[in-house]
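Trainee: sequence below, structure please.
(chains A and B)
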Amino acid sequence: MTTLHAEWTKVRTVPGTVWLLVGVVALTVAPGALAAGAMPSGGDPAKSALTGIVVGQAIVVILGVATVSGEYGTGMIRTTFTALPHRLEVLAAKALVVTGLVLAAGAVAVAGSVAAGEALLPGGLPFTGPVVRAAAGSVLYLGLIAVLSVGVAVLVRDAAAAVGLVLGLLYLTPIVATLVADPTWHDRLRTLSPMTAGLAIQSTVDVAAEPVAPWSGLGVLALWAAAALVTGAAALRLRDA
Amino acid sequence: MRHLIHAEWTKFRTVRGWVIGMLVAIPLTVLVGLLGPAGSQMSCAGPDGQPCENNVPPTGPGGEAVHDSFYFLHRTLTGDGTITARVATLTDAEPWSKAGVIVKRDTEVGSTYAAVLLTGGHGVRMQHDFTEDVAGPVSTSDHQWLRLTRDGNTLTGTTSPDGEHWATIGSVQLGGLGDAVQAGMFVSSPEHVEITRGFGSVDASGGPTMATATFDDVSVDGGWAGDWRGTEVGGESGMDTGHQESGGEFTITGHGDIAPIVPDQGSRGRTVENALIGVFAGLIAVLVVATLFVTSEHRRGLLRTSLAASPRRGQLFAAKAVVIGGVSFVTGVASAALAIPLVEQVEVAKGMFLFPASTWTEVRVVLGTGLLFAVGAVLALAVGMLLRRSAGTVTTVVVGVVLPYLLAVASVLPSGPAEWLTAVTPAAGFAVQQTVPEYPQVNASYTPADGYFPLSPGGGFAVLCAYAVAAVVLAVVALRRRDA
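Mentor: Numbers count the residues shown, from 1 in each chain, chains lettered A, B, ... in the order given. Prediction:
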């Protein structure tokens, strides 16, 4: 509990946090609104309205990475571990605090995107089961991206390298997939890559066309996040701070 | 200035992580580039069951991949001469079905030609050597007189709505035209293409078509020899093409197309820029190193030492830009120069064909990739100087340079916003890698997802440079006015 409180105090008192959270909301809602306004006929309304998640997640990555790398950059991490020698507890507290903040900001961002979609989409955004799934899933998606970023940051330590690694992991696979002509490999790549798999949750119209089922896709991302966190935790225990 | 550059170079080369990061960009570009063809297996067989390797499309006089199949009713023309014909009707026509008169070196696929033709939906045109296309005068008449005059290697196309008032469309020089050429009338009709834009995907469906044209009032002048012979250029199409003559009126049914092949999604052909898809991965590595090159100075307080040693702050920034830009340029050139041959080798092994590109084009793409890395690195340096934070800088630059491209090619955006994104964001710079031009006379999907940037290579690169210059100006102003 003390650990959690300590981490919360750190996050709360860093001036950048609020702006980053505002950034998550703004960069999610604005592109989503633009995409919703430009949706082609026959498009997936939920997917269009929630396009901004692809942009907003970049700010989530900064938040996740900064909580860890910030401490390594300044040497604060040694003070932290002197005060709280249970390293895994510290890591868990960091992951919890960041994920909690991101889930809160994500909920606001998704609510804003849904509202913008309702206003701007030609047929509005009908409040059906799949749409609720897409909205709730998008919030969870952002939370998992935060966990993934924390895990990678613990492994890599350096902020620039960690951000580059996470953004590369997220953004490169969909680009490469456009050139993979074999449908089996194309789907395999999209099933294994954290971003395309995780965003399958946003599909509401032609769910069967996605390479992976909505919740399984989010599960793939969860596995990535868990793997990053576990590897990070192992490294944290074995290495000097 | 020289000692400043030397100092910055010493900083760069003595930080092991930065050197490794830069070097990693090269294999990263190659390996990610290999992922595309490695995950593709083309199974195909030609009409005689030959494998894809032998099924490479023909090339035209300019070396570009072309379609060259049509029904050709021809005689041998030796020396100068003229052919005039009236296209009385053109039926079952696609917009780019063609019927007209043509002078071609021989009936070999890909040989040089010039033609004056009537299209199904684009009026009268004069075309030559596959890539060149000039529109004729707009006419409301249903039938058109077409005339092609050969004078040495110069072919002049004229047209008339009534057979009396003639207008010249153009005069072209053909290289490699022998004394004796094949000339006559032809009909071609390309595949019917229906492009439906679904959600995040583009489906092209269609099938082969035939068009029929009747030519009357046919007259020739000059050294013509032999009888009219019908030939299916480009091999038997297996379709019901042919010709009939009755009382000086020729009815020709043809299939095929005389046009350059354009790459699109899912086609078997690969362009040079397809081999460079890994540049996105390499670029991220370069951007990370360029960011660290400046944010580390802030974090460690080294910037104060640097400024104490060289108080001219603008010069210090310039020296950093020269060093990181130069190193990134070399990295980019090496990445592209390795990735292109290695990835193309795998593509060919996987049964794809390569769109031919001239050596000059490949050199432009390789140097362009180097410049892309260099300007991207300077942009990251400037943003890093402004923001002073690694995480924020890397995110800003990656979101600015890579994400727009991703949204344009692999997302839910329709082609309008996709083109806008690849025109006004720093991602426009990837246009330096574009090697295939858009042909207005070929009906295809020309979107960023098909590999077509809205801006020219130079124009797109200028957009990226504009962002870099703006960031550098802001960074230098901030560096001068703020405390270090």
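
Trainee: look up how far chain B lies from the residue positioned nearest the centre of chain A.
Mentor: Taking Cα atoms, centre = their mean as the criterion, A:Ile145 is the residue nearest the geometric centre of chain A, at 2.6 Å. Going from A:Ile145 to chain B by Cβ to the nearest Cβ, to the nearest Å gives 12 Å. No exception for glycine: its C-beta is placed from N, CA and C like everyone else's.

Trainee: need the contact list for that residue.
Mentor: A:Ile145 makes contact with A:Gln57, A:Val60, A:Val61, A:Gly64, A:Val102, A:Val166, A:Leu170, A:Gly198, A:Leu221, A:Ala225, according to Cβ atoms under 8 Å, 6 or more residues apart in numbering or on different chains.

Trainee: how many residues are close by B:Pro61?
Mentor: Neighbour count for B:Pro61, taken as other Cβ atoms under 10 Å in any protein chain shown: 18.

Trainee: wouldn't B:Leu148 be in contact with B:Ala114 here?
Mentor: Yes. B:Leu148 is in contact with B:Ala114 according to Cβ atoms under 8 Å; the separation is 6.8 Å.

Trainee: overlap in contacts, these two.
Mentor: B:Ile102, B:Val103, B:Leu155, B:Gly157.

Trainee: what about stretch B:131-144, how long is it end to end?
Mentor: For stretch B:131-144, the first-to-last residue distance is 23 Å (Cα to Cα, to the nearest Å).

Trainee: quick one: mean pLDDT over that stretch.
Mentor: For stretch B:131-144, mean pLDDT rounds to 82.

Trainee: biggest helix in chain A, by residue count?
Mentor: helix A:87-120 (DSSP state H).

Trainee: near chain B at all, it?
Mentor: No. Figure legend: helix A:87-120 not in contact with chain B (Cβ under 8 Å from any Cβ of the partner chain); closest approach 12.2 Å.

Trainee: what's the average pLDDT for that helix?
Mentor: Mean predicted confidence for helix A:87-120 is 93.

Trainee: who are the packing partners of it?
Mentor: Counting contacts by 3 or more Cβ pairs under 8 Å, 6 or more residues apart in numbering or on different chains; DSSP states H and E, helix A:87-120 packs against helix A:2-13, helix A:16-37, helix A:45-49, helix A:53-74, helix A:76-83, helix A:129-156, helix A:214-238.

Trainee: deepest-packed of the ones you listed, please.
Mentor: Scoring those by mean neighbour count under mean count of other Cβ atoms under 10 Å in any protein chain shown gives helix A:45-49 as the most buried, with a mean of 28.

Trainee: show me how far that one is from its chain's centre.
Mentor: 18 Å (Cα atoms, centre = their mean, to the nearest Å).

Trainee: now the helices and strands packed on helix A:87-120 in TSV, with mean pLDDT?
Mentor: Converted to TSV, the helices and strands packed on helix A:87-120 look like this (pLDDT from 0 to 100):
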stretch	mean pLDDT
helix A:2-13	87
helix A:16-37	90
helix A:45-49	88
helix A:53-74	91
helix A:76-83	88
helix A:129-156	94
helix A:214-238	93
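
Trainee: can I get the ones you listed in TSV with distance to A:Leu121?
Mentor: As requested, these are arranged in TSV below (distance: least, Cβ to Cβ, whole Å):
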stretch	distance to A:Leu121
helix A:2-13	35
helix A:16-37	5
helix A:45-49	5
helix A:53-74	16
helix A:76-83	46
helix A:129-156	11
helix A:214-238	20
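
Trainee: out of these, the one nearest B:Gly282 is which?
Mentor: Across the helices and strands packed on helix A:87-120, B:Gly282 has its closest neighbour in helix A:129-156 (18.2 Å, Cβ to Cβ).

Trainee: for the closest residue to B:Gln182 other than its chain neighbours, grab the count of nearby residues.
Mentor: Distances taken as Cβ to Cβ, 6 or more residues apart in numbering or on different chains put B:His74 closest to B:Gln182, at 4.4 Å, once the chain neighbours are dropped. B:His74 has 23 neighbours, counted by other Cβ under 10 Å.

Trainee: in three-state terms, label B:His74 for me.
Mentor: The local conformation at B:His74, judged by DSSP: H, G, I helix; E, B strand; the rest coil, is strand.

Trainee: what's the separation between the spatially closest residue to B:Ala423 that is not a sequence neighbour and B:Arg313?
Mentor: Excluding the flanking residues, the one nearest B:Ala423 by Cβ to Cβ, 6+ apart is B:Pro454, at 4.5 Å. Going from B:Pro454 to B:Arg313 by Cβ to Cβ, to the nearest Å gives 38 Å.

Trainee: quick one: low-confidence parts of chain B?
Mentor: B:41-55, B:142, B:195-205, B:265-267, B:411-412 (pLDDT under 70).

Trainee: now the strands for the stretch 301-450 of chain B?
Mentor: Under the criterion DSSP state E, counting those that start in this stretch, the stretch 301-450 of chain B contains strands at B:353-354.

Trainee: and it, which residues reach chain A?
Mentor: Proximity of the stretch 301-450 of chain B to chain A, by Cβ under 8 Å from any Cβ, involves residues B:389-395, B:398-399, B:402-403, B:405-407, B:409-414, B:416-417, B:449.

Trainee: go with 6 Å
Mentor: B:390-392, B:394-395, B:398-399, B:402, B:406, B:409-410, B:412, B:414, B:417 (Cβ under 6 Å from any Cβ of the partner chain).

Trainee: mind checking the SS state of B:Val109?
Mentor: Taking three-state DSSP, the label given to B:Val109 is coil.

Trainee: distance check, it against chain A.
Mentor: Per Cβ to the nearest Cβ, B:Val109 is found 26 Å from chain A.

Trainee: can you check B:Thr447 too?
Mentor: From B:Thr447 to chain A the distance is 12 Å (Cβ to the nearest Cβ).

Trainee: hang on, the earlier thing: closest one of the shared contacts of B:Leu148 and B:Ala114 to chain A?
Mentor: Using Cβ to the nearest Cβ, B:Ile102 comes nearest to chain A of those, at 35.5 Å.
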